[in-house]
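# build me a model from this:
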Amino acid sequence: NANYQQIFSIFDSSPIFDLKKKIYIFDECHNLYDIYTSFRTTEITDMDLSFYKRLNNFFENEELNEICNLSKNAISLLNNIDPLKAEDNEQYGIDFINDLFKIKNDVYTILCTHIEKNLEDLIQTGKIASYGLFAVFEQMKLNKYNTILSHKEKIIDNGNFVIEGNDNSQNNEKKFSIKLIPLDISELFKYESEFFSDNKLFMSSTIFGSEKLLKDLGLINENFEIIELDSKFPLENRKVYLMPIKYLSNKVINSDNPNELDEYYNCISEIVKGHASNNENGIIFSPSYKFTKMIVDGISKNINDFVDIYFNLKAEDRDSVLNYFTSKSDKPKILISCSFYEGVNFSDDLSRYQIIAKVPFKSLGSKYTRIKMERDKISYSLDALKLIVQGSGRSIRSINDYAVTYILDGNAIRVFNNCKNYTPK
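A predicted model of the protein is given here:
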């Protein structure tokens, strides 16, 4: 993810880089579409409001009235924006984004002109760093939006975008975000990938439908060859048990019946205790922090005597809970989290079983996700399937390693049926 972002960011810099290489290798490319979409998303948040307040305070002392006036205009615009209206009324959202980015462009132009004219004085007074940081912040935002504008016909004029608005403001504290998200990045990715190389190698253990991936990235009409390799890991070392104890819909999860999930929690508890009796550690993959808390509350009383329980309820605790889990313990351990579907190795005795507690569908609370699902129903199931397969591989990291996976959500049946042409054997 980080490497992708670094490469993509070069496109938004001045054209001093020679990007053309003999070959580019895109590893873990099953995430490439989402990462590129995220990179090409224009986002405005309360951080922009804080930025313009700092900008105004700084340049009031510098007596740069043009910057101060522009900052005050931006502050007024950001204070009065209605993020939820922007989501419901896309023209209102587009007008707001255009107005703010016109201010950003004017601020950036004035800053650059002032730096160029007064460079020596700014260096001598030690103010060059502040001027430079303000300019860079504006430039980074401008570059992203200018790329969208350079493909305006294919994105804005075509309605190939959604605007998402979130407002978590409380009391007098403004907390919001507005995103302009491209819906179909195929033509944009194809155009920009031509600067990489004529030769590209896409690699992943979870490419479900190679031709679909190429189509989504705008490369389906390129010359390509698909190479599929069978797993060398023995089947008996990576068994998966589908145990549809409950169909975990939002209605079921949010039920007023306090006993609605008792059978489900008991099933998890019995699995954990069974493996604990063999002194085995395990992982429970949850789809969210909220559901992680529900599982912890639902099973703790049943398993506290058998295992040490580790979990995190916010992203910033991810590393610390992982460190605790991987440290020595007198009892078997269970890690409950939504943070470890990818990018972590729980090899050998660190984990001998894993439970997919709920099918990890993307949230339909997102307007982008809802519209993408309407346009491409299979992608919604495929995204969930990718995480299921990624999760089931966390504890099997070599040819001699072994672990068992349990899937407890009955919705997995629907996912497997929808993706029967893509599901790995």
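# contacts for the helix-or-strand element of the chain with minimal mean pLDDT?
Within the chain, no helix or strand scores below helix 2-11, which has a mean of 72 by mean pLDDT, DSSP states H and E. In this structure, residues lying in contact with helix 2-11 by Cβ atoms under 8 Å, 6 or more residues apart in numbering are 17, 19, 26, 32, 35, 36, 39, 147, 192, 195. Heads up, the C-betas are built off the backbone N, CA and C, glycines and all.
# so which of those residues are in strands?
When the contacts of helix 2-11 are checked against strands (DSSP state E), the matches are residue 26.
# of the contacts of helix 2-11, just say which sits nearest to residue 339.
residue 35 (17.5 Å; Cβ to Cβ).
# where along this protein do the strands fall?
24-26, 42-45, 161-167, 176-182, 200-202, 240-246, 282-285, 308-311, 333-337, 353-356, 404-409.
# which residues touch residue 284?
Residue 284 neighbours (Cβ under 8 Å, 6+ apart): 268, 295, 334, 335, 336, 337, 354, 355, 357.
# show me which of those residues is closest to residue 128.
residue 337 (44.5 Å).
# what's opposite the residue nearest to residue 324 when sequence neighbours are not counted in the beta bridge?
Once flanking residues are discounted, residue 324 sits nearest to residue 310: 5.4 Å by Cβ to Cβ, 6 or more residues apart in numbering. Beta-bridge pairing of residue 310 under DSSP bridges involves residue 335.
# from what I can see residue 310 touches residue 339, true?
No. Taking contacts as Cβ atoms under 8 Å, residue 310 lies outside contact range of residue 339: 11.4 Å.
# tell me how far residue 378 lies from residue 189.
19 Å (Cβ to Cβ, to the nearest Å).
# quick one: average confidence on the longest helix seen in the chain?
Longest helix in the chain, counting residues (DSSP state H): helix 90-117. Model confidence over helix 90-117, given as mean pLDDT, is 94.
# now swap in stretch 137-146 and tell me
Mean per-residue pLDDT for stretch 137-146: 87.
# before we move on, the earlier item: would JSON lines of the contacts of helix 2-11 with distance to residue 213 and neighbour count be doable?
Shown next, in JSON lines, are the contacts of helix 2-11 (distance: Cβ to Cβ, whole Å; neighbours: other Cβ atoms under 10 Å):
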{"residue": "17", "distance to residue 213": "26", "neighbour count": "10"}
{"residue": "19", "distance to residue 213": "22", "neighbour count": "15"}
{"residue": "26", "distance to residue 213": "10", "neighbour count": "19"}
{"residue": "32", "distance to residue 213": "8", "neighbour count": "21"}
{"residue": "35", "distance to residue 213": "13", "neighbour count": "17"}
{"residue": "36", "distance to residue 213": "12", "neighbour count": "21"}
{"residue": "39", "distance to residue 213": "17", "neighbour count": "18"}
{"residue": "147", "distance to residue 213": "22", "neighbour count": "19"}
{"residue": "192", "distance to residue 213": "17", "neighbour count": "19"}
{"residue": "195", "distance to residue 213": "20", "neighbour count": "13"}
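# next, format the contacts of helix 2-11 as CSV and append distance to residue 345.
Below are those laid out as CSV (distance: Cβ to Cβ, whole Å):
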residue, distance to residue 345
17, 34
19, 32
26, 21
32, 22
35, 21
36, 26
39, 27
147, 36
192, 32
195, 34
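# and of the contacts of helix 2-11, the nearest to residue 171?
residue 39 (33.8 Å).
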